[in-house]
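Participant: model the structure of this input:
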Amino acid sequence: MHYLEGVIRDSMTIQKVGVVGAGLMGSGIAQASAQSGYETILCEINEPLLAKGVRRIYDAWDIMASKQKLTHDQVEVNRSRLHGTI
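Facilitator: Modelled structure (predicted):
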């Protein structure tokens, strides 16, 4: 056993996820991350692109709630985990 094996495993707990780019792929990754329970920071180069990416995620959650795949409470918790920045 390597002497750092236990140290690395114990210290590598994911607490926050950062996603660079709020396009189709980035917003999908951010959505999955927030839904999985991680604080998620979505970064984009300007406010309009960030707003478009966040809107895409919010719309997806609204659709999931309308199909009863998520509750409205789950949607609100997911939204509280998602943070945008420029």
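
Participant: only C-alpha atoms for contact and neighbour calcs from this point on.
Facilitator: Noted.

Participant: quick one, helices of this structure?
Facilitator: 5-11, 24-35, 47-66, 72-81 (DSSP state H).

Participant: helices or strands up against the third one?
Facilitator: Okay, so that is helix 47-66. helix 24-35, helix 72-81, strand 82-85 (3 or more CA pairs under 8 Å, 6 or more residues apart in numbering; DSSP states H and E).

Participant: how far away is the spatially closest residue to Leu82 that is not a sequence neighbour from Gly28?
Facilitator: Leaving aside its sequence neighbours, Leu82 sits nearest to Thr40 (CA to CA, 6 or more residues apart in numbering; 4.9 Å). Distance, Thr40 to Gly28, using CA to CA, to the nearest Å: 12 Å.

Participant: neighbour count winner among the two?
Facilitator: Comparing Thr40 with Gly28 by neighbour count (other CA atoms under 10 Å), the higher total belongs to Thr40, at 26 against 16.

Participant: surely the more buried one and Arg79 touch.
Facilitator: No: counting by CA atoms under 8 Å, Thr40 stays clear of Arg79, with 9.7 Å between them.

Participant: quick check: neighbours shared by these two?
Facilitator: Ala34 (CA atoms under 8 Å, 6 or more residues apart in numbering).

Participant: and Gly84, how many neighbours?
Facilitator: The local packing of Gly84 (other CA under 10 Å) involves 17 other residues.
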